[in-house]
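Asks: any chance you can model this:
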Amino acid sequence: MGPIKAIVIDDEQNGRENLCSTLEKYFPGIVLVAEADSVLSGIEAIQKYSPDLLFLDIEMPGGNGFKVLEFFTDQPFNVIFVTAYDHYAIQAIRFSALDYILKPINLLDLRSAVNRYMQRKDRDQRVLDQFLKNAGSALPEKKIALATGDKIEFCKIGQIIRCQSDGNYTNFHFANRTTLLVSKTLNDFEEILDGYGFIRTHKAHLVNLMFVRSFHKNDGGYLKMTDDTSVPVSRRKKEEILNRLKF
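Replies: Purely as a prediction, here's the structure:
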């Protein structure tokens, strides 16, 4: 297997130099073929060098890094986003099962992101396509990328009734009464789905409030969902849930 050709696209010179020097020092299998400091120069570098991997900043002159992806209808590369903390951007990236690292660059985070890239190597065009679609979609139409072993399923968040913890996995329950076991913890999905109408009712349960039919005070408190399942409500979450439901 040959070296991995990479391009760093970042408008901040210090950040770009830091990332490049870290890659050159600790990742001998990655060859930096170009650097770019804007959307336009990034597009030109990709056209010239045909990289395997982009380290792509989000906020740049001439538009955000997403514009780089939109320019290539069939992206011939994988992407690791580089960003200062931005909850919305990070949430959108995680929603689509893409990788990111935070500024200032931490070696362990960078190594983890590169290792994940090495493991999957074969890019999935659908992941990047869905990410770009999500950026302009209304809430019910947004899709989340769910990894299930050897494949990725794209599911509308408006069709998720609830998520239930199963150790290091999470079981998704959908409005069409199908289920999907996903290799991430419930804590991961609580963070990813934050702001999309979901609430943690219990250590093992995350529910979509749109599918709550009723709240019952007996048996310690539980929610009745539209799929006729009952979801327990912990004592410490009861008040928050009632406030959100306006019961």
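Asks: going by C-alpha atoms from here, please, whenever you check contacts or count neighbours.
Replies: Noted.
Asks: per-domain residue ranges of the protein.
Replies: In terms of domains, the chain is parsed into 4-133, 139-245 (source: automatic domain parsing).
Asks: worst-scoring helix or strand of the chain, pLDDT-wise?
Replies: Within the chain, no helix or strand scores below helix 125-135, which has a mean of 68 by mean pLDDT, DSSP states H and E.
Asks: quick check: next helix or strand after it?
Replies: Next in sequence after helix 125-135, counting helices and strands by DSSP states H and E, comes strand 143-147.
Asks: what pLDDT, on average, does that next one get?
Replies: Computed over strand 143-147, the mean pLDDT rounds to 87.
Asks: same question for stretch 164-177.
Replies: For stretch 164-177, mean pLDDT rounds to 95.
Asks: with stretch 209-226 instead?
Replies: For stretch 209-226, the per-residue pLDDT averages 90.
Asks: go on, stretch 80-100?
Replies: pLDDT averaged over stretch 80-100 gives 77.
Asks: what does it contact?
Replies: Outside of stretch 80-100, the residues within contact range by C-alpha atoms under 8 Å, 6 or more residues apart in numbering are 53-59, 79, 101-104, 113, 127-128, 130-131, 134-135, 143-147, 191-193.
Asks: and those, which of them are buried?
Replies: The neighbour-count test (16 or more other C-alpha atoms under 10 Å) marks 53-59, 79, 101-102, 113, 127-128, 130-131, 134, 143-147, 192-193 as buried among those.
Asks: all helices for this structure, in order.
Replies: For the chain, the helices defined by DSSP state H occupy 13-26, 39-49, 66-71, 87-95, 107-120, 125-135, 186-192, 238-245.
Asks: which residue lies farthest from the center of this protein?
Replies: Farthest-out residue of the chain from its mean C-alpha position, per C-alpha atoms, centre = their mean: N218, at 37.6 Å.
Asks: next one: phi and psi at it?
Replies: The phi/psi pair for N218 (degrees, to the nearest 10) reads phi -70, psi 170.
Asks: in this protein, which residue is closest to the centre?
Replies: R94 (1.0 Å).
Asks: now do it against A113, distance only.
Replies: Look at R94 and A113: by C-alpha to C-alpha, to the nearest Å, they are 13 Å apart.
Asks: and if you look at I157?
Replies: From I157 to A113 the distance is 26 Å (C-alpha to C-alpha).
Asks: name the nearest residue to I152, ignoring sequence neighbours.
Replies: Nearest non-adjacent residue to I152, counting by C-alpha to C-alpha, 6 or more residues apart in numbering: L146, 5.4 Å away.
Asks: and what of V79?
Replies: L54 (4.8 Å).
Asks: bridging residues for the one you found?
Replies: I7, V79 (DSSP bridges).
Asks: which residues touch it?
Replies: Contacts here follow C-alpha under 8 Å, 6+ apart; on that basis L54 touches A6, I7, V8, I9, F77, N78, V79, I80, F81.
Asks: kindly recompute the last result at 6 Å.
Replies: Residues in contact with L54, defined by C-alpha atoms under 6 Å, 6 or more residues apart in numbering, are A6, I7, V79.
Asks: next one, pLDDT for it please.
Replies: L54 is given a pLDDT of 94.
Asks: also E240?
Replies: pLDDT, E240: 88.
Asks: and for it, the neighbour number?
Replies: Other residues lying near E240 total 13 when counted by other C-alpha atoms under 10 Å.
Asks: partner residues bridging C163?
Replies: Beta-bridge partners of C163, as defined by DSSP bridges: F172, L206.
Asks: run a quick neighbour tally on it.
Replies: Other residues within reach of C163, judged by other C-alpha under 10 Å, total 24.
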